[in-house]
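Engineer: kindly return the folded structure for what I paste below:
(chains A and B)
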2 protein chains.
Amino acid sequence: MEFDLALALPLLERAPATLRTLLAGLPAEWTDATEGPETWSAFDVVGHLIQGERTDWIPRARIILERGRSTPFPPFDRFAQFRDSEGKTLAELLDEFERLRAESLATLTGWRLTDAQLSLEGEHPRLGAVTLRQLLATWTAHDVSHLAQIARVMAKQYREAVGPWRAFLPIMDR
Amino acid sequence: MEFDLALALPLLERAPATLRTLLAGLPAEWTDATEGPETWSAFDVVGHLIQGERTDWIPRARIILERGRSTPFPPFDRFAQFRDSEGKTLAELLDEFERLRAESLATLTGWRLTDAQLSLEGEHPRLGAVTLRQLLATWTAHDVSHLAQIARVMAKQYREAVGPWRAFLPIMDR
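Structural biologist: Coordinates of the predicted model:
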């Protein structure tokens, strides 16, 4: 499927509400659970999505639009949430993500991007030349990829509890 | 994590609302998309969850409570949704799932299950002896496993569109 901003927007828009519906008020046994050492909980993932709004998607889109490949993107800190989420509740993070995502999408739609602009290139510090279109497709896929991760982390908490059904649940051993 | 009905219930309860928030009104390009031949779309998955409410979870729990291992569970038809969802809209399926899940959980909580009852056994046609506790843990894990599937199917639609970022998105090639 080719990237189409009109199709990507409805998915980008509903990410905060989807996470809120899934996570708000859920016992911490689910939202703090991980897949083991050095892996992330739902709480960690929401913090990571907040970092994306702050430092990744729109800031990088702006670099592409204003400076093209002349200014490489600053590297994205995949671990900043462990510092920034500290002391916050999941409810606070869900609110923050909702607010930031709404701001991001207001900026994005305000640009009224043309096909030519979507083809503009930026310089990724590790991947090299990338287009604005690829950046926005990645933003969209990144959301649902982390939704899949959160759901998988929860499923795995019952890896033992499901007993023999584990054989029918490949997600348990992924 | 051991199965705890008080922790499983909040997750079971929110499944219909989570799917509605994610899927209702989303363009069909997302909700009808699959991972390729013989794989399921979000539309198919919601139909499958409906079948689970109708013929799997509560009906099997009832067999365990009333007849123990003397009556093996009828096999679950993993493809019934392709017949039963035909001609329906995704909005109709989401409504149906919400209604059926509410009924299922009213039945479940009405039973006021004791620890001893949760340890009762049933006879799975392929897996042999399973406990009611394992059945209920599987129900809970099955929900989030399919939520992960729906999110993965959507992410994969942008497998090409993300360009070089595919290297950072392992979900694309899962």
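
Engineer: from here on, contacts and neighbour counts on C-alpha atoms
Structural biologist: OK.

Engineer: now for A:Val167, how many residues are close by?
Structural biologist: One correction, residue A:167 is Ala, not Val. 12 (other C-alpha atoms under 10 Å in any protein chain shown).

Engineer: go on, the one 5 residues further on?
Structural biologist: Applying the criterion other C-alpha under 10 Å, we find 21 residues in the vicinity of A:Met172.

Engineer: buried stuff in the helix or strand bottoming out on mean pLDDT in chain A?
Structural biologist: Every helix and strand in chain A was compared by mean pLDDT, DSSP states H and E; the lowest is helix A:81-84, with a mean of 86. Along helix A:81-84, these residues count as buried under the neighbour rule (16 or more other C-alpha atoms under 10 Å in any protein chain shown): A:Gln81.

Engineer: how far off centre is it?
Structural biologist: 15 Å (C-alpha atoms, centre = their mean, to the nearest Å).

Engineer: before we move on, what about stretch A:146-153?
Structural biologist: Taking mean C-alpha positions (C-alpha atoms, centre = their mean), stretch A:146-153 and its chain are 11 Å apart.

Engineer: got it, and stretch A:73-81?
Structural biologist: Taking mean C-alpha positions (C-alpha atoms, centre = their mean), stretch A:73-81 and its chain are 13 Å apart.

Engineer: neighbouring contacts of it?
Structural biologist: The set of residues external to stretch A:73-81 that reach it, using C-alpha atoms under 8 Å, 6 or more residues apart in numbering or on different chains, is A:44, A:47-48, A:50-51, A:55-56, A:60, A:63, A:122-125.

Engineer: if we use 6 Å, what do you get?
Structural biologist: Residues outside stretch A:73-81 that contact it (C-alpha atoms under 6 Å, 6 or more residues apart in numbering or on different chains): A:47-48, A:124.

Engineer: ok, now stretch A:118-127?
Structural biologist: Residues from elsewhere that reach stretch A:118-127 (C-alpha under 6 Å, 6+ apart): A:64, A:68-69, A:72-73, A:129-133.

Engineer: re the thing from before, dump the least confident helix or strand of chain A to CSV, restricted to CA.
Structural biologist: Listed next in CSV are the C-alpha coordinates belonging to helix A:81-84 (Å, rounded to 0.1, in the frame of the first residue of the first chain):
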residue,chain,number,x,y,z
GLN,A,81,11.3,8.0,28.5
PHE,A,82,13.1,6.2,31.4
ARG,A,83,14.2,9.7,32.6
ASP,A,84,11.2,11.7,31.5
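
Engineer: give the next helix or strand downstream of it.
Structural biologist: Once the chain leaves helix A:81-84, the next helix or strand it forms, by DSSP states H and E, is helix A:90-111.

Engineer: in terms of secondary structure, what does that following helix contact?
Structural biologist: For helix A:90-111, there is no helix or strand it packs on, judged by 3 or more C-alpha pairs under 6 Å, 6 or more residues apart in numbering or on different chains; DSSP states H and E.

Engineer: swap in 10 Å and give it another go.
Structural biologist: helix A:5-23, helix A:42-51, helix A:57-67 (3 or more C-alpha pairs under 10 Å, 6 or more residues apart in numbering or on different chains; DSSP states H and E).
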